[in-house]
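Student: quick one: sequence plus predicted model below, questions after.
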Amino acid sequence: MANPYLPGWEYIPDGEPRVFGNRIYVYGSHDNAASDKFCDFKLKVWSASLDDLSNFVCHGDIFHTKADKDHESDTDWTNNNDLYAPDVVEKDGKYYLYAYIMGAKGCVAVSDKPEGPFKLISKYKYNIPEGYGEDFCGNGWFIDPGVLVDCDGQVYIYCGYQSSFAAKLNPDNMYEIIDGSYLGDIIPKEAPFSFFEACSPRKVGDTYYMIYSPVPGSRLVYATSKSPMGPYEFGGIIIDNAVNYPGGNNHGSICQINGQWYIFYHRMTNGTIMSRRGCVEKIEILPDGTIPQVEMTSLGFAESLSPYQITPADIACVLTGGALITEKNVFTRIITNITDGCVIGYKYFDFGQDFSSKTMDISFNVTGCGTKSKMDIYADDWQNGEHLGFCEIDTNDGVYSANIKSITGRHAVYFVVSSCAGGWFKDMFKGRKLFDLASFVFTK
């Protein structure tokens, strides 16, 4: 299953991955295509068998802050307040949902099943410590809650926007902050930590990891401690969604599945910082506890992509020069705003070991924009990689093909776009959209 790992029409950012039983569950916010805002008033959950990560199943809506045609509101104190970045943990056979409600008090809900639906227990309960005002814990919003159930049964909640905090939860009810347990700035605002938002705690062996988004917010970084309440040491960057791609905020966490560690994160569509889709990359946690930074790829859970199957354009992991992914309808997502100098890239294809073929064909499904252009095709690097050939794109809609050099093995593939306009017209076509790309395939 390529990135994004959910169906292309689904927009689940801020993913919190949790393994319960023999399935991986992903809880997150819910965005919409072509939206002008983050999130909406419902939460959804998707899951997959640990033995088949290519087949995620949608369990539908699990919590609401507003009634819709199928559900009543789960909260009676909200009025068109959107739900952001939840977390779910298991304790004593029950599953607890921690909800961040924009502009209103947050809450905790419970279910007998990890897929919900979840029923409200209570708003967060707390006494404001001496020296703090009504804005304690983000006015009771508990922004971006991340929850840890430790092996001794103690429960911790971590939250924050522009400054972080941690506290112990009463494990008997899971929503009450234990008096005297509050700790501010558990992750410092100062460099190198530079805390911004998106707390997500995990315990690996005897080490506590805090995954979060620093300034700038396109990255996910980590800090570690031998105690759930710190002090934490800065670790480094895990992933940055703004490397050769239209970046925005980031939020996610790490999860081990069948012995392999992954980082769940999101990246943007439609030329905005909204309409975010969930992605995943393999990572390593080294024996010394460090996590090397990984690149964004088109792989998702896959080891490699097949160049001989039709590749949807919207799984690109490199987009430069203003090119962007947009959804035309539930069936169709394309790369648009393709202009002279844009680069479109995919990592990684496995071309196999066919040494008999010196050439192969590549075909592109495009929507023309009344101009002539071409795409140069490179392996491994768009500046210094192997040039495989080029494909000319004419003015109209259709399929355009070219015969190019054949390669074997595993490679990234890049398309470098240029306008064919010259002479007096060259400057007139600068910045003009050349075509839209829907899909492509290699054939032999």
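Tutor: On my side now, so go ahead.
Student: for V366, give the beta-bridge partners.
Tutor: Beta-bridge pairing for V366 (DSSP bridges): G398, L437.
Student: cool, G389 as well?
Tutor: I377.
Student: pLDDT score for it?
Tutor: What the model reports for G389 is a pLDDT of 98.
Student: N127 touches D179, doesn't it?
Tutor: Yes: N127 is in contact with D179 according to C-beta atoms under 8 Å; the separation is 5.7 Å. (Each C-beta comes from the backbone N, C-alpha and C, glycine too.)
Student: quick one: the strands in the stretch 1-150 of the chain, in order.
Tutor: With DSSP state E, counting those that start in this stretch as the criterion, the stretch 1-150 of the chain has strands at 16-20, 23-28, 42-49, 57-64, 83-91, 94-101, 107-111, 119-123, 146-149.
Student: tell me the contacts of the closest residue to S35 other than its chain neighbours?
Tutor: Closest residue to S35 apart from its sequence neighbours, by C-beta to C-beta, 6 or more residues apart in numbering: M274 at 4.8 Å. If you count contacts by C-beta atoms under 8 Å, 6 or more residues apart in numbering, M274 has them with D31, S35, D36, K37, F38, G248, M268.
Student: returning to that earlier point: compile the strands of the stretch 1-150 of the chain into TSV and extend it with columns for mean pLDDT, mean neighbour count and distance to R432.
Tutor: Formatted as TSV, the strands of the stretch 1-150 of the chain follow (pLDDT from 0 to 100; neighbours: other C-beta atoms under 10 Å; distance: least, C-beta to C-beta, whole Å):
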stretch	mean pLDDT	mean neighbour count	distance to R432
strand 16-20	98	20	42
strand 23-28	98	24	37
strand 42-49	97	22	39
strand 57-64	96	18	40
strand 83-91	97	23	38
strand 94-101	98	23	43
strand 107-111	98	22	51
strand 119-123	97	15	53
strand 146-149	98	23	46
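Student: turn the ones you listed into CSV, including distance to V399.
Tutor: Below are those laid out as CSV (distance: least, C-beta to C-beta, whole Å):
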stretch, distance to V399
strand 16-20, 38
strand 23-28, 35
strand 42-49, 33
strand 57-64, 33
strand 83-91, 42
strand 94-101, 46
strand 107-111, 48
strand 119-123, 52
strand 146-149, 47
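Student: show me the one of these that comes nearest I238.
Tutor: strand 16-20 (13.5 Å; C-beta to C-beta).
Student: and the angle from that closest one to strand 42-49?
Tutor: Using axes from the mean of the first three to the mean of the last three C-alpha atoms, to 10 degrees, the inter-axis angle of strand 16-20 relative to strand 42-49 is 50 degrees.
Student: who does strand 16-20 pair up with?
Tutor: Assessed with DSSP bridges, strand 16-20 is paired to strand 23-28 (antiparallel).
Student: angle of the strand it pairs with against strand 83-91?
Tutor: 150 degrees.
Student: all numbers from here: first residue = 15
Tutor: Right, with 15 as the first residue, what we last looked at is strand 37-42.
Student: just to revisit the earlier point, output the contacts of M288 in TSV; the columns should cover neighbour count.
Tutor: Below are the contacts of M288 laid out as TSV (neighbours: other C-beta atoms under 10 Å):
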residue	neighbour count
D45	23
S49	16
D50	9
K51	12
F52	22
G262	21
M282	25
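Student: looking at the residues you listed, spot the one nearest C434.
Tutor: Once C-beta to C-beta is applied, the member of the contacts of M288 that ends up nearest C434 is M282, at 30.3 Å.
Student: what's near enough to touch the closest one?
Tutor: N255, P260, G261, G262, M288, S289, R290.
Student: neighbours around F404, how many?
Tutor: The tally of other residues near F404 (other C-beta atoms under 10 Å) stands at 17.
Student: how much space separates it from T422?
Tutor: Distance of F404 to T422, computed by C-beta to C-beta, to the nearest Å: 21 Å.
Student: again, but for Y109
Tutor: 48 Å.
Student: looks like V59 contacts I38 (just checking).
Tutor: No: judged on C-beta under 8 Å, V59 makes no contact with I38 at a distance of 10.8 Å.
Student: next up, the contacts around the residue nearest to P159 when sequence neighbours are not counted.
Tutor: The spatial neighbour of P159 that comes closest, neighbours along the chain excluded (C-beta to C-beta, 6+ apart), is Y112 at 4.0 Å. Applying C-beta under 8 Å, 6+ apart to Y112 gives the contacts P100, D101, V102, V103, G120, V122, F156, P159, V161, I171.
Student: so which helix or strand takes in the last one?
Tutor: I171 is part of strand 169-174 when elements are defined by DSSP states H and E.
Student: name the residues that touch whichever helix or strand comes after that strand?
Tutor: Going down the chain from strand 169-174, the next helix or strand is strand 178-183, by DSSP H and E. Residues outside strand 178-183 that contact it (C-beta under 8 Å, 6+ apart) are 140, 151, 161, 168-173, 189-192, 195-201, 209, 213, 226, 242-244.
Student: follow-up on the earlier one: and which of the contacts of M288 is nearest N184?
Tutor: F52 (30.8 Å).
Student: touching, the closest one and N46? I think so.
Tutor: No: in this structure, F52 is not within contact of N46 by C-beta under 8 Å, at 9.9 Å.
Student: from Y140, how far out is I200?
Tutor: 16 Å.
Student: of these two, who's got more company?
Tutor: More crowded of I200 and Y140, by other C-beta under 10 Å: I200, with 27 against 19.
Student: can you tell me the closest non-neighbouring residue to the more buried one?
Tutor: Closest to I200 by C-beta to C-beta, 6+ apart is A180, at 4.3 Å.
Student: pLDDT weak spots in the chain?
Tutor: 436-443 (pLDDT under 70).
Student: I'd like to know how far the closest residue in space to G384 that isn't next to it in sequence sits from F209.
Tutor: Excluding the flanking residues, the one nearest G384 by C-beta to C-beta, 6+ apart is T409, at 5.1 Å. Distance from T409 to F209, counting by C-beta to C-beta: 51 Å.
Student: could you do G22 as well?
Tutor: 33 Å.
Student: just I358 next, same as before
Tutor: Applying C-beta to C-beta to I358 and F209 gives a distance of 34 Å.
Student: and the residue nearest the centre of the chain, what element?
Tutor: The chain has H280 as the residue nearest its centroid, 1.5 Å off, counting by C-alpha atoms, centre = their mean. Following DSSP H and E, one finds H280 within strand 274-281.
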